[in-house]
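Trainee: Fold the following and give me the result.
(chains A and B)
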Amino acid sequence: MLATTSAAQHTDATPLLQTIGLTKRYGSFLANDKIDLDIRPQEIHALLGENGAGKSTLVKMIYGLIQPSEGDIRWQGRTIVLSGPSDARAHGIGMVFQHFSLFDNLTVAENVALGLDGKEPFKDMSARLEQVSRTYGLPLDPRREVWQLSVGERQRIEIVRALMQNPQFLILDEPTAVLTPQEADQLFVVLDRLRAEGRAILYISHKLEEVKRLCDTATILRGGRKVETCNPKAETAASLARMMVGGEIMEVKAAASRQITLPRLLVNDLSLAPDDPHGVRLEHISFELRGGEILGIAGVAGNGQDELFAALSGERPAKDPGTIVIDGQAAGHLSITRRRKLGAAFIPEERLGHGTAPRMRLSENALLTGHAIGNMVLHGFVNTAATLKTVDRTTETFDVRKAKRDPEAASLSGGNLQKFIVGREILRDPVVLVVNQPTWGVDAGAAAVIRQALLDLAARGAAVLVTSQDLDELAEIADRIAVMFHGRLSAPVPTAETSRERLGLLMGGSSIEAPEAPHAARA
Amino acid sequence: MRLVLEKRAERSTIIALISPLIAIGLTIVTLCILFAILGKNPISALAVYFIDPLTDGYSLQEIAVKATPLVMIAIGLSLCYLANAWNIGAEGQFLIGAVAGSWLAVKTQGTDAGHWVLPAMLALGAIAGALYALIPAICKVRFGASEILTSLMLVYVADLLLDYLVRGPWRDPQGFNFPTTAEFDPVATVPTLIEGGRLHLGSIVALLVVAAGAVLLGRTIKGFEIRVVGAAPRAARFGGFNANQLVLLTFAISGALAGLAGIIEVAGPVGHLQPGISPGYGFTAIIVAFLGRLNPIGILIAGLFLALTFIGGEQAQIAMKIPLDVTKVFQGILLFYVLACDSLILYRFRLISTSPKVQSGAR
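Mentor: Numbering: from 1, shown residues only, chains lettered A, B, ... in the order given. From the prediction side, this is the model:
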């Protein structure tokens, strides 16, 4: 095989990239504590860890974005100091970020040109772009403007941009987080090919099955330290998860019997034009959600999930009252406060700045959504004792860890703040809960607590609508799953009767829009 | 070595408290340099500015008189600024309030109108100020016009309107052609607190406004709405708070307070309507609001301090021939330092040693 011959050319003793005792200190906080990492040519090396484990800090040092406090980075055996990303690129280190840095109103070629350091004429660059994208099976039209492209295509631009510099070593930060399962499979083919060419890849992910399938080596970080380097194929997903978390994760259990009762949330032919020009228009969305039921909405980010949340919550009321019915009451025209009074609760995706005011205390953030009902406000005056009591109850029930009784929201970790927000809404015993990305960027322990809370709420008779990009999460808690694509929603299907492949096709846009199957070909 | 500004994990409460003091300290140092350049002895100039006014009764009363409009206006402005609505036109709202209230005083002049005149004047002043402030607020909400520009430009409209009235229709026939109305009747005058003194009832009103501001911001849901809408607009919308409504409300309140301050000034210390009734109270109040950290108690202290600079400036002009404009320079520098020091609440300075490894590194 080609793979073995090119491997033999490298002496196995010298890794391509090596970090020795790499440490990054922020004040008294150790973001990375003496990390040793060896990456060999022709290796896909997984970097695993929870949020806050230090993965980003480590790769940022390797890519020259931040300077290490201590320790060395060695490239082909020689110590190097990287003054910036262009320095790293000059050595042959490339990186594809999780969040794309693309200009929506420029073409693919213009975006790539902006990211390159070279002085190559635009025409040559454009031709080379087409050639590279064809060689690696990443088809791209250099003349199209970015706003017309799907998320998967945008990622291709980032990958092609990195490949055009012919890197020996490529860092990929959670590349599959925004892809459908089919798109992810296509990406793996590309990565296999890069490995066969003798390049090395550092692959950041928290999808363990994926890592087991793709990666040769895995390094696990926890709390800024390296826990272990192992062969992921020899481990189970559970054993990898244990190393990441440093203990057992609570298992999420659905109630033995759940009663499906009356329809609590009805959406009838909801259509809504977007606020901003690049937003998504909601088109003819209809579904019914009964008490005791959890409906999951899958889909790649940016297909109208945020717009649907704004419409359901009343942040953007619709004109026609009948389009949204909450617990038997026409609510399409009502404000978010009036909808809360009908017994609805909402949890947005963005914790800081949307779900909470970051620089305000937790008690004030309890008031933010709690003022509508209960005893927090009397004759226009705030009952501070009641707001503090909500904080205490939430802290107790959901194990929110914080430095003092009533700190600022921004001082909590992502998982703890999310537990606070979920607790704040759930302790009001809503009859309808609409939640967007409940466990996004949350550590595994907190994610389990939150999923369990959603299941328990449904078991008490509430209707729960969960929007998530994580299919595993939906499979775990949802009774039925629908898929959102280009502002349309597919018919919900019982979770047991669907499969990743089917959902993946829907996420890619096949069969939601009429029966024109060839649409899948664009993926 | 390199000096960088680094974000703090949590806002520093200590700096939040002492930042105005640091700003004042830096301003005084700058002022000393300025005095030295002017050829005056900085120490004795400072003494005339900041110490002498505190040593005699007349000056103390005068400080309270000057602080009254500053504090009332600044409380209103702080509500706007907390809600992220930038009312820069308090000076105009102050003048319009003064004009509207004076209308009643002029119309009832020499009649046997009773004690209802003064309360009615105060009400007119507040209502006119609120309506005048609503013009830029409505333009912002309805058309997206920048309230900073529109509110500022309306200052000049108000200024010229006042000028026209006292030179034309309302001019005192016995006033030797001076541009001023006749002295207001006693029923149209704000009573003094001390017989023969300058301190008047308006100072009590200002204290009540401070108390009301503190209760509104600290204890009520409306005050909470105002703070959230400024601090986190998206969260405010999620909370169900209407940002446009709050822009209108805060502009109306701040306009009403500025207008009330205007009519109190005219019916109190001045006693008649004339051009130049304000040495820029509406603009100085912006400094008061920020120096007081947009906090009612802080604003009370800051108002007294800036009133002191007005009095000190006058005395320095008399005693040391320091130009009165130095007071304005002082106030401008102070605002500059206050805003600069505020960044230290969320950020801190750090000295970073440039790594010695850069030289040894293989290139």
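Trainee: Could the C-alpha coordinates of the stretch of helix or strand A:Ala366 belongs to be exported in CSV?
Mentor: Counting by DSSP states H and E, the element that carries A:Ala366 is helix A:362-370. The C-alpha atoms that make up helix A:362-370 are tabulated as CSV, following Å, rounded to 0.1, in the frame of the first residue of the first chain:
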residue,chain,number,x,y,z
LEU,A,362,-28.3,35.8,39.0
SER,A,363,-31.1,37.2,41.1
GLU,A,364,-31.6,39.9,38.5
ASN,A,365,-31.5,37.3,35.7
ALA,A,366,-34.1,35.3,37.6
LEU,A,367,-36.3,38.4,37.4
LEU,A,368,-35.6,38.7,33.7
THR,A,369,-38.0,35.9,32.8
GLY,A,370,-39.7,35.6,36.2
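Trainee: So what touches stretch B:46-53?
Mentor: The set of residues external to stretch B:46-53 that reach it, using C-beta atoms under 8 Å, 6 or more residues apart in numbering or on different chains, is B:28, B:31-32, B:35, B:59-60, B:62-63, B:308-309, B:311-313, B:315-316, B:319-320. Quick note: C-beta positions are derived from backbone N, CA and C, even for glycine.
Trainee: Now do the buried residues in it.
Mentor: B:46, B:48-50, B:52-53 (16 or more other C-beta atoms under 10 Å in any protein chain shown).
Trainee: now swap in stretch B:297-313 and tell me
Mentor: For stretch B:297-313, the neighbour count (16+ other C-beta under 10 Å) marks B:298-313 as buried.
Trainee: Turn the buried residues of stretch B:46-53 into JSON lines, including pLDDT and secondary structure.
Mentor: Conversion of the buried residues of stretch B:46-53 to JSON lines gives the following (pLDDT from 0 to 100; DSSP: H, G, I helix; E, B strand; the rest coil):
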{"residue": "B:Leu46", "pLDDT": "89", "secondary structure": "helix"}
{"residue": "B:Val48", "pLDDT": "88", "secondary structure": "helix"}
{"residue": "B:Tyr49", "pLDDT": "86", "secondary structure": "helix"}
{"residue": "B:Phe50", "pLDDT": "88", "secondary structure": "helix"}
{"residue": "B:Asp52", "pLDDT": "89", "secondary structure": "helix"}
{"residue": "B:Pro53", "pLDDT": "89", "secondary structure": "helix"}
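Trainee: Of those, which is the nearest to A:Ala444?
Mentor: Distances from A:Ala444 to the buried residues of stretch B:46-53, taken as C-beta to C-beta, are shortest for B:Phe50 (60.9 Å).
Trainee: Can you give me the distance of that closest one to B:Gly312?
Mentor: Distance, B:Phe50 to B:Gly312, by C-beta to C-beta, to the nearest Å: 6 Å.
Trainee: again, but for B:Asn177
Mentor: With the distance defined as C-beta to C-beta, B:Asn177 ends up 35 Å from B:Gly312.
Trainee: for A:Arg502, same thing?
Mentor: Taken as C-beta to C-beta, the spacing of A:Arg502 relative to B:Gly312 amounts to 80 Å.
Trainee: list the contacts for B:Ala214?
Mentor: Applying C-beta under 8 Å, 6+ apart to B:Ala214 gives the contacts B:296-297.
Trainee: residues from chain A in reach of chain B?
Mentor: Counting by C-beta under 8 Å from any C-beta of the partner chain, chain A comes close to chain B at A:67, A:78-81, A:83, A:313-315, A:335-337, A:340, A:346, A:348, A:350, A:353-360, A:364, A:367-369, A:371-372, A:377, A:380-382, A:407-408, A:410-411.
Trainee: leaving aside the residues next to it on the chain, what's closest to B:Arg350?
Mentor: Using C-beta to C-beta, 6 or more residues apart in numbering or on different chains and skipping residues adjacent in sequence, the residue nearest B:Arg350 is B:Glu6, 4.9 Å away.
Trainee: show me where pLDDT drops low in the chain?
Mentor: Picking chain A for this. A:1-13, A:117-118, A:256-257, A:511-523 (pLDDT under 70).
Trainee: wrong one, chain B
Mentor: Under the criterion of pLDDT under 70, the regions of chain B flagged as low confidence span B:1, B:9-11, B:352-363.
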